[in-house]
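1. sequence plus the predicted model coming up.
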Amino acid sequence: DTAVSQTPKYLVTQMGNDKSIKCEQNLGHDTMYWYKQDSKKFLKIMFSYNNKELIINETVPNRFSPKSPDKAHLNLHINSLELGDSAVYFCASSQGGHRGEQYFGPGTRLTVT
Amino acid sequence: AQRVTQPEKLLSVFKGAPVELKCNYSYSGSPELFWYVQYSRQRLQLLLRHISRESIKGFTADLNKGETSFHLKKPFAQEEDSAMYYCALAGANNLFFGTGTRLTVIP
């Protein structure tokens, strides 16, 4: 059983398009996250949701909008994609907030052409 | 202000040699420190955290509040230790990752 899953694994799209990445966790955790890992492998937290409530919202363009329909899902919607959005996006979850161990998904490699 | 600093982007050591991956932090409260590892083609996973004081895969890390450091150490590096290592700090309201260190263990 996969603990944290993401779809799709790869996403290639053109500038200006709108796309979504889905994340699901079956660990029963109360907190979920989205991270961006750029080409230099820098890892940066984008959003954190605790029990469907936005907790951490780092400085990201408002073209990025997280949506949490329930505790087990946190989707990332990106509008008007730009070249600089190309990266690997990781979903993660933890129990008890961000001081808990993070369980990461396999990542979604987004390429904007 | 950057909260977690990993000064080495790349680190190469020979198999069997000691290895130390540096992590310094700045935080005024009581942080919780972690090391995460990403092996090739695998997802990020927790290696260890300071409150557990465990040794995982031969790695240890001691929180030094005086030097604000949480360096990761292993006395004898193995080829399978080659990976990307991230130091992370959890504060009261936020979570910070360092820029990562790529460790290569040379056979």
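-> Cool, got the structure.
2. do stretch A:44-57 and chain B come into contact?
-> Yes. Shown here: stretch A:44-57 in contact with chain B (Cβ under 8 Å from any Cβ of the partner chain) through A:44-45, A:48, A:55-56. (Glycine included, C-beta is placed from N, CA and C.)
3. what's the helix-or-strand element of chain B with minimal mean pLDDT packed up against?
-> Taking mean pLDDT, DSSP states H and E as the measure, the helix or strand of chain B with the lowest value is strand B:95-97, at a mean of 88. Counting contacts by 3 or more Cβ pairs under 8 Å, 6 or more residues apart in numbering or on different chains; DSSP states H and E, strand B:95-97 is packed against strand A:43-50, strand B:83-90.
4. please identify the deepest-packed of the ones you listed.
-> Mean neighbour count (mean count of other Cβ atoms under 10 Å in any protein chain shown) peaks for strand B:83-90 among the helices and strands packed on strand B:95-97, with a mean of 22.
5. does chain A sit close to that strand?
-> Yes. Interface with chain A: strand B:83-90 contributes B:84, B:86, B:88, B:90 (Cβ under 8 Å from any Cβ).
6. now, among those, which is nearest to chain A?
-> Distance ranking of those against chain A, using Cβ to the nearest Cβ, places B:Ala90 first at 4.5 Å.
7. show me what the closest one is bridged to.
-> B:Glu32, B:Leu95 (DSSP bridges).
8. so where is the chain shaky, pLDDT-wise?
-> Let's take chain A. For chain A, the stretches flagged by pLDDT under 70 are A:1.
9. wrong one, chain B
-> For chain B, the ranges with pLDDT under 70 are B:1-2.
10. kindly report the residues of it close to chain A.
-> Checking chain B against chain A by Cβ under 8 Å from any Cβ, the hits are B:32, B:34, B:36, B:43-46, B:49, B:84, B:86, B:88, B:90, B:93-97, B:99-100, B:102.
11. thought B:Lys15 was touching B:Glu79, still the case?
-> Yes. Counting by Cβ atoms under 8 Å, B:Lys15 is a contact partner of B:Glu79 at 5.8 Å.
12. which neighbours do the two have in common?
-> Taking Cβ atoms under 8 Å, 6 or more residues apart in numbering or on different chains as the contact rule, B:Glu79 and B:Lys15 both touch B:105, B:107.
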